[in-house]
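Engineer: no sequence on hand, only this structure:
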RNA sequence: GCUGCUAUAGCUCAGUCGGUAGAGCACGUCAUUGGUAAUGACGAGGUCAUCGGUCCGAAUCCGAUUAGCAGCUCCA
């Protein structure tokens, strides 16, 4: 006799039985249930219960159920591949947030035609509704089974399993795969599946290993869900900054200029300028000193900072890096060593600390050719850079100031809601290779940072081997409409570089001390931020940062003079305003203005209008009828001043 | 850098078996007008990404390069 407690009720059983049977006895199970947590461990519905336990059922509507569902879909894909291409070798195939993938080692490239064929075979497997059975084997037998099946990668995975690990397999029809599970009861539940793409992926994620073929797919319990998913994807594509940013003329690229070197067109340049002025002013209010430092330096500087050893591949080098008899320069990939020279300019007192240095800093990084993407990943970018030189006891206070500033600016531009925090730490295994400094220095910096983050109540994930070469980071991650994450802002603690550069201050006790340094950004890099703003607002930027805020549309020629008169009144107050005096119908002018996502249009010559008024159409609120020019202007200025979204 | 895909007018795309280039929108001119998501007529626009090869002949077939996309690896 044992008790199975579901959240809804507790049921007693005499003999062992499956989760499914237990749930059925409790009258809780439906067709949608695909998995369960038993005492916190996720299992399949066929898992046998033998003792007291707590059971929580999952459907495909929740994350864990969906995960199991997608994992089974990955197995169906693998089965289809083995049926159509028996020589392909299995590697791994997990469920991911957006669906699933499976990596194969195959001589035959998986072209779109091949994917279509695989999709067809998957549908057959679903229709066959094969039972999915779990079984376990001791290590030697497991190895033997996978060797017989001709799966060298699986053999390797078995060999790498730790001593005493349970080695489980899942079998569906003729197909058997090494897998921890859990899985669905049978293949029949995967009603709708689509293979979305095939790409390359390194075995075990290491670029020194063989490149495998990764097939991505999505799977759903119904065709309607698949349809809804594909439609949502289409909607996301309409927000893609790389498409609408070009269409709306924020930026462009030119073949002869090269990859990762976008041209900011007048609209893009204007918005960046607005953000930049705002950030520089905001930082000034918060006690930052503005600097302007060179974009390049001799290799000697990078030798001191460590960039020459740790970052040389990422730099554009001017001259022969190997020839020590000649001068060799490099464009700067980071601002740190330059801005430190401001501190080093003269002997410093503890009274001058914290010294907050800010710079709108253009950087150059020689990214690999496959990395560039729109405005998100470029080779030249301008960042709201800053370094704070501190006495050690000021670290927490100043760190908090940096975090508050970053949160304030991200909130103001409307991006904070899609942000998460990552505490990026070093990997001791790469000490001396990727990372400078001793284990003690790293442990110290990380524990200080961890304490600060906990004191500030920051909820973060830990990223191992994500640190900078000189210290741990708090990265603010932005999740875009496709679910992809990038770092938008970073705040880093550096206990190494000050010493390398011989930075010191005279403390109150008359002793020379080495300061701590915080590296930080406030709005991140302007190009990337602009990209995410375009995406976030689907190209319709809030009025305060819109490159064109008002467009005046005279209906007929006789209205043009008045239109320019109104423009003059608005422009005198700093409003970014244009007149569309083309010889076009008013309908066409309105349509163009809407397509270009200008926040306000003023139709001149409308019936309702009197002298001194304009017919206002707001992008957000639609037609507002005739409004006095003065009233419109003062409302607009208020909106811009308050940065209302 | 790696794997796969792509490149025709400013944009979205046609272009069949290899025979010297098409549409819509945008743009310009004229006419017209309070056409409130598209007033009409006319016009201009392309060394089919670049270079090379095959062929009597290449937008089309082959190769290389460049650029773009998705993913991997790397990163703000």
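Structural biologist: Perfect, thanks for sending it. For clarity, every value in this text was computed on a predicted model and none was experimentally measured.

Engineer: how about the residues of the stretch 351-500 of chain A by RNA strand B?
Structural biologist: A:365, A:367-374, A:376-379, A:381, A:383, A:434, A:466, A:468, A:475, A:482, A:484, A:486-488, A:490 (CB under 7 Å from any atom of the strand). (Glycine included, C-beta is placed from N, CA and C.)

Engineer: and if we set it to 6 Å?
Structural biologist: Proximity of the stretch 351-500 of chain A to RNA strand B is confined to A:365, A:367-374, A:377-378, A:381, A:468, A:475, A:482, A:484, A:487-488, A:490 under the rule CB under 6 Å from any atom of the strand.

Engineer: in strands, which of these fall?
Structural biologist: A:381, A:475, A:487, A:488, A:490 (DSSP state E).

Engineer: state the distance from the second one to residue A:453.
Structural biologist: Think residue A:475. 12 Å (CB to CB, to the nearest Å).

Engineer: which one of the two has more residues nearby?
Structural biologist: Set side by side, residue A:475 and residue A:453 show more neighbours around residue A:475, with 26 against 18, by other CB atoms under 10 Å.

Engineer: in chain A, which helix has the most residues?
Structural biologist: Among the segments of chain A that qualify as a helix by DSSP state H, the longest is helix A:63-84.

Engineer: circling back: for ChimeraX, what selects the buried ones among the residues of the stretch 351-500 of chain A next to RNA strand B?
Structural biologist: Of these, the buried ones go into a single ChimeraX selection, burial set by 16 or more other CB atoms under 10 Å:
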select /A:365,367,372,373,374,377,378,381,468,475,487,488,490
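
Engineer: the residue positioned nearest the centre of chain A pairs with what?
Structural biologist: Geometric centre of chain A, nearest residue: residue A:485, 1.3 Å, by CA atoms, centre = their mean. Per DSSP bridges, the residues bridged to residue A:485 are residue A:479.

Engineer: quick one on the thing from earlier: now the element after the longest helix of chain A, going C-ward?
Structural biologist: strand A:89-90 (DSSP states H and E).

Engineer: that following strand pairs with which strands?
Structural biologist: Its sheet considered, strand A:89-90 pairs with strand A:99-105 (antiparallel) by DSSP bridges.

Engineer: ok, the following helix or strand past the strand it pairs with near RNA strand B or not?
Structural biologist: Next in sequence after strand A:99-105, counting helices and strands by DSSP H and E, comes helix A:112-128. No: if you take CB under 6 Å from any atom of the strand as the test, helix A:112-128 misses RNA strand B, and the best it gets is 6.7 Å.

Engineer: buried stuff in the helix or strand following helix A:112-128?
Structural biologist: Using DSSP H and E, the helix or strand that directly follows helix A:112-128 along the chain is strand A:132-136. Residues of strand A:132-136 classed as buried: A:132, A:134 (neighbour count, 16+ other CB under 10 Å).

Engineer: repeat that for stretch A:578-595.
Structural biologist: Quick answer for stretch A:578-595 (16+ other CB under 10 Å): A:579, A:580, A:586, A:589, A:590, A:592, A:593.

Engineer: ok, those vs residue A:402, which is closest?
Structural biologist: Of all the buried residues of stretch A:578-595, residue A:402 sits closest to residue A:593, with 40.3 Å by CB to CB.

Engineer: now do the SS call for the closest one.
Structural biologist: helix (DSSP: H, G, I helix; E, B strand; the rest coil).

Engineer: tell me where the stretch 451-600 of chain A has helices.
Structural biologist: Shown for the stretch 451-600 of chain A, the helices assigned by DSSP state H, counting those that start in this stretch span residues A:497-500, A:526-536, A:560-571, A:586-595.

Engineer: looking at those helices, which is buried most?
Structural biologist: Ranked by mean neighbour count under mean count of other CB atoms under 10 Å, the helices of the stretch 451-600 of chain A are led by helix A:526-536, which reaches a mean of 25.

Engineer: pLDDT on it, on average?
Structural biologist: For helix A:526-536, the mean pLDDT works out to 95.

Engineer: for it, packing partners?
Structural biologist: helix A:241-247, helix A:266-285, strand A:380-390, strand A:485-494 (3 or more CB pairs under 8 Å, 6 or more residues apart in numbering; DSSP states H and E).

Engineer: coming back round to it: between the longest helix of chain A and strand A:99-105, how big is the angle?
Structural biologist: Relative orientation of helix A:63-84 versus strand A:99-105 (axes from the mean of the first three to the mean of the last three CA atoms, to 10 degrees): 30 degrees.

Engineer: centre of the chain to helix A:63-84, how far?
Structural biologist: Between the centre of helix A:63-84 and the centre of its chain there are 26 Å (CA atoms, centre = their mean, to the nearest Å).
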